[in-house]
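Enquirer: have a look at this prediction, sequence included:
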Amino acid sequence: MTDPEKAALERTAQAGIAALQRGDGTAARAAFESIVASGRATPQIWLWLAQACDILDDRGAVMAHVARVVEGDPANPYALVMAGEVQTRSGNDRAAIAWYERALNAAQGRQLPPDLIARLGRAATAREVAFSRFEAGMTGALGDAGIDPTTTGPRFAEALQIVSGRSQPYLQQPTSFYYPRLPQVPFYDPADFAWTGALAAALPAIRAEAEAVMAGGGGIAPYVVADPDRPNKGHALLADARWSAFHLFHGGQPIADHAARCPATMAALGEAPLPRIAGTAPMALFSILAPHTHIPPHHGMLNTRLICHLPLIVPGGCRLRVGGEVRDVRAGEVLLFDDSIEHEACNDSDAPRAILLFEVWRPELTVEERRALTVMFETVAAYTPDQA
């Protein structure tokens with residue numbers, strides 16, 4: 001392109017921008033369409049053309065031009081939120097929600113101009129209104145069919161959250177080993193496990209031992225530590241004492257002096273179906289989360305286990321999310337969950353939170369499967385290549 005041609009295109013673009021600023025959609029559209037016809041359009045030109053068509057309420061053209069913008073700039077929040085606004089005006093709530101979600105996600109962690117911040121705020125409000133309209137329609141349809149969604153159980157309730165767009169499917173994604181054909185259940189009911197009653201009954205003695213450990217301080221170390229033999233996964237709390245642990249086992253064996261300080265805890269653990277895998281399990285510890293600390297979303301290593309939390313010292317404002325389900329953490333109320341599903345924990349209080357944390361076999365695994373998995377895991381842990 002020659003210098004005169006480039007200069008002419010720049011003049012045309014400036015004319016189109018000026019037309020946008022004065023609200024003249026027709027003139028702006030003509031200017032940017034002439035640049036498109038020259039074959040020199042960039043994502044920014046397509047965005048300005050979409051804005052011109054938006055002024056004229058030519059919704060089909062807006063969506064077509066937004067598609068060209070996101071083809072070259074997939075996270076352009078102006079284009080994404082504009083598409084959501086068009087779908088809202090067209091009465092297509094589900095499409096609007098999808099565009100607003102994408103716009104809001106694209107804007108996270110970015111410095112934004114004031115006009116875009118305001119526009120995204122309106123998008124968040126419009127998304128909530130769209131959610132509510134869709135849910136009202138769904139509830140009405142279910143009611144007309146004689147179905148009460150509050151009595152159909154948590155599985156259907158989760159499905160409603162997913163179909164409405166309020167949640168997404170959360171599936172097992174273990175970081176080290178996946179065992180197939182296991183149910184995707186975030187939280188299990190502790191009442192379905194005979195050993196949880198005795199565990200909860202031992203709360204006062206276990207809590208006293210945890211309080212003594214925390215008062216003494218010895219043996220407490222950051223929970224997340226780097227493995228010198230493996231790549232660093234970059235955990236946000238790596239080597240950070242805000243999430244600390246007092247381990248009762250190491251490499252599958254009791255830590256003698258730690259176990260001696262916590263006899264009631266060790267006795268209670270003896271009643272649970274702990275995996276016994278040479279070199280790796282059991283695993284049990286006091287997990288201590290400092291005030292105003294957030295354990296970010298992550299996945300556990302295996303889906304062959306469940307994680308048990310016995311909350312011991314719990315100020316208000318402590319939560320655990322597994323998948324799309326959030327539970328308040330309350331002292332003495334056992335939480336049993338699949339940590340291979342995305343989960344996170346928060347302590348929003350001004351005091352530390354302490355829980356007893358350990359792993360148990362999943363109930364769906366047969367005795368034969370547990371034996372076979374034990375041999376498998378032990379073989380993996382002990383494996384060295386043949387040096388012969």
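Expert: Looks like it came in fine. Residues are numbered from 1 along each chain as shown.
Enquirer: for A15, see how far away the residue lying closest to Q168 once chain neighbours are set aside is.
Expert: Counting by CB to CB, 6 or more residues apart in numbering, Q168 lies nearest to I162, which is 6.6 Å off, once chain neighbours are set aside. Where C-beta positions appear, they are placed from N, C-alpha and C, glycine not excepted. Here I162 is placed at a distance of 48 Å from A15 (CB to CB, to the nearest Å).
Enquirer: more neighbours: these two, which one.
Expert: The residue with more neighbours, out of I162 and A15, is A15; 16 against 13, by other CB atoms under 10 Å.
Enquirer: help me confirm that that one is found in a helix?
Expert: Yes - under DSSP: H, G, I helix; E, B strand; the rest coil, A15 sits within a helix.
Enquirer: and the gap between it and A264?
Expert: Using CB to CB, which is the criterion applied here, A15 is 80 Å from A264.
Enquirer: and the strand or helix carrying P4, what's buried?
Expert: Under the criterion of DSSP states H and E, P4 resides in helix 3-21. Using 16 or more other CB atoms under 10 Å as the test for burial, helix 3-21 gives 9, 12-13, 15-16, 19-20.
Enquirer: report all helices and strands that that helix contacts.
Expert: Packing contacts for helix 3-21, counted by 3 or more CB pairs under 8 Å, 6 or more residues apart in numbering; DSSP states H and E, involve helix 25-37, helix 43-55.
Enquirer: off-centre distance for it?
Expert: Mean C-alpha position of helix 3-21 versus that of the full chain (CA atoms, centre = their mean, to the nearest Å) differs by 45 Å.
Enquirer: so what touches it?
Expert: 1, 25-28, 31-32, 34-35, 38, 40, 45, 48, 51-52, 55 (CB atoms under 8 Å, 6 or more residues apart in numbering).
Enquirer: so for stretch 301-319, what's the average pLDDT?
Expert: The average pLDDT within stretch 301-319 is 97.
Enquirer: quick one, helices of this protein?
Expert: 3-21, 25-37, 43-55, 59-72, 77-89, 93-107, 114-144, 154-164, 195-201, 203-216, 256-261, 263-269, 367-382 (DSSP state H).
Enquirer: in JSON lines, list those helices along with mean pLDDT.
Expert: Formatted as JSON lines, those follow (pLDDT from 0 to 100):
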{"stretch": "helix 3-21", "mean pLDDT": "90"}
{"stretch": "helix 25-37", "mean pLDDT": "95"}
{"stretch": "helix 43-55", "mean pLDDT": "96"}
{"stretch": "helix 59-72", "mean pLDDT": "95"}
{"stretch": "helix 77-89", "mean pLDDT": "96"}
{"stretch": "helix 93-107", "mean pLDDT": "93"}
{"stretch": "helix 114-144", "mean pLDDT": "93"}
{"stretch": "helix 154-164", "mean pLDDT": "89"}
{"stretch": "helix 195-201", "mean pLDDT": "95"}
{"stretch": "helix 203-216", "mean pLDDT": "97"}
{"stretch": "helix 256-261", "mean pLDDT": "97"}
{"stretch": "helix 263-269", "mean pLDDT": "97"}
{"stretch": "helix 367-382", "mean pLDDT": "94"}
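Enquirer: need these in JSON lines (columns: distance to F246).
Expert: Below are the helices of the chain laid out as JSON lines (distance: least, CB to CB, whole Å):
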{"stretch": "helix 3-21", "distance to F246": "62"}
{"stretch": "helix 25-37", "distance to F246": "64"}
{"stretch": "helix 43-55", "distance to F246": "54"}
{"stretch": "helix 59-72", "distance to F246": "50"}
{"stretch": "helix 77-89", "distance to F246": "45"}
{"stretch": "helix 93-107", "distance to F246": "38"}
{"stretch": "helix 114-144", "distance to F246": "42"}
{"stretch": "helix 154-164", "distance to F246": "34"}
{"stretch": "helix 195-201", "distance to F246": "18"}
{"stretch": "helix 203-216", "distance to F246": "5"}
{"stretch": "helix 256-261", "distance to F246": "7"}
{"stretch": "helix 263-269", "distance to F246": "10"}
{"stretch": "helix 367-382", "distance to F246": "24"}
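Enquirer: nearest to A281, of the ones you listed?
Expert: Nearest to A281 among those is helix 367-382 (7.8 Å), distances taken as CB to CB.
Enquirer: of all the residues in that closest one, which ones are buried?
Expert: Here helix 367-382 shows 370, 373-374, 377-378 as buried, counting by 16+ other CB under 10 Å.
Enquirer: before we move on, what about stretch 52-63?
Expert: In terms of neighbour count (16+ other CB under 10 Å), stretch 52-63 has its buried residues at 52-55, 58-59, 61-63.
Enquirer: kindly report the same for stretch 278-288.
Expert: For stretch 278-288, a neighbour-count test (16+ other CB under 10 Å) marks 280-288 as buried.
Enquirer: grab the most central residue of the protein for me.
Expert: Nearest to the mean C-alpha position of the chain, by CA atoms, centre = their mean, lies P297 at 4.8 Å.
Enquirer: isn't that residue up against E342?
Expert: Yes - using CB atoms under 8 Å, P297 is in contact with E342, at 5.1 Å.
Enquirer: residues contacting the residue nearest to Q168?
Expert: By CB under 8 Å, 6+ apart, the contact list for I162 reads 168-169, 324.
Enquirer: measure it to L237 for me?
Expert: Distance from I162 to L237, counting by CB to CB: 30 Å.
Enquirer: try A124
Expert: Noted for A124: a distance of 29 Å to L237, by CB to CB.
Enquirer: one more: L199?
Expert: 27 Å.
Enquirer: go on, S244?
Expert: Using CB to CB, one gets 10 Å for the distance from S244 to L237.
Enquirer: can you list residues touching both of those two?
Expert: Jointly contacting S244 and L237 under the rule CB under 8 Å, 6+ apart are 222-223.
Enquirer: more crowded one of those two?
Expert: A direct count of neighbours by other CB under 10 Å for S244 and L237 places S244 higher, at 22 against 19.
Enquirer: partners of the more buried one in the sheet?
Expert: Residues in a beta bridge with S244, per DSSP bridges, are P222, I288.
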